[in-house]
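Asker: Build me a structure from this.
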Amino acid sequence: MLIGIIAGVLLLFVLFTLFRFAMGLRWAKTERLREHRNAEARGRRVVAEIPAADGALTFLLEDADAFHWGSDSVRKAEIVGARLLLNGGIVGEFASQGHTLPPPTRPRDFEGRERWDVAIYLREGRIATLPCGTLREGVSREIAGRAYKAIREATHRSEPA
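Answerer: Below you'll find the model as predicted:
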């Protein structure tokens, strides 16, 4: 009898813990969707959700004039090219008509995990780096690919024909 009561209490504890975990995930999803709607209401498109090192999410947002992420932003008119980087090595690159990108820097030493970034080259030689994360299973690769594609398409749309 005592073993049955202990097993029942343990089962209730496990079920309650799973319920709290599920509700936490649901709440996080609801908050992300609310933030998506708020960004779209301000006339911005959510290009990607970028994971921060502390576990928070930052949105890469695009509006008519610029790209925004966290406290950083880059005006589309200033972009002359970009590089998609894996651990500092170039996976893809583009430059707008009449511009060349500077020679690549030596990739950093391998940290034991994939680190994806997009280096955005701006007029006057400035570079903005968009860190896209180190998540496994291709998640960070997909985030970086979306960001790179959106920047490339926006740059090509703004070029004179």
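Asker: Specify which residues of the chain, grouped into ranges, have pLDDT under the cut-off.
Answerer: 53, 108-111, 137, 158-161 (pLDDT under 70).
Asker: swap the cut-off to 90 and go again
Answerer: Scanning the chain for pLDDT under 90 picks out 1-2, 24-59, 64, 69-72, 86-90, 96-116, 123-125, 129-141, 154-161.
Asker: Show me it divided up by domain.
Answerer: As given by automatic domain parsing, the domain ranges for the chain are 1-41, 44-158.
Asker: Tabulate these (JSON lines), appending mean neighbour count.
Answerer: Quick note: C-beta positions are derived from backbone N, CA and C, even for glycine. As requested, the domains of the chain are exported to JSON lines (neighbours: other C-beta atoms under 10 Å):
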{"stretch": "domain 1-41", "mean neighbour count": "10"}
{"stretch": "domain 44-158", "mean neighbour count": "16"}
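Asker: Can you report phi and psi for Leu10?
Answerer: Backbone torsions of Leu10, given as degrees, to the nearest 10, read phi -60, psi -40.
Asker: Relative to Arg42, how far out is it?
Answerer: Distance of Leu10 to Arg42, given as C-beta to C-beta, to the nearest Å: 49 Å.
Asker: Can you tell me the SS state at the residue nearest in space to the middle of the chain?
Answerer: Most central in the chain under C-alpha atoms, centre = their mean is Ile50, positioned 2.5 Å from the mean C-alpha point. Per DSSP: H, G, I helix; E, B strand; the rest coil, the local secondary structure of Ile50 is strand.
Asker: check contacts around it.
Answerer: Residues in contact with Ile50 (C-beta atoms under 8 Å, 6 or more residues apart in numbering) are 57-60, 69, 130-133, 143, 147.
Asker: Quickly name whichever of the residues you listed is closest to Glu35.
Answerer: Distances from Glu35 to the contacts of Ile50, taken as C-beta to C-beta, are shortest for Phe59 (6.7 Å).
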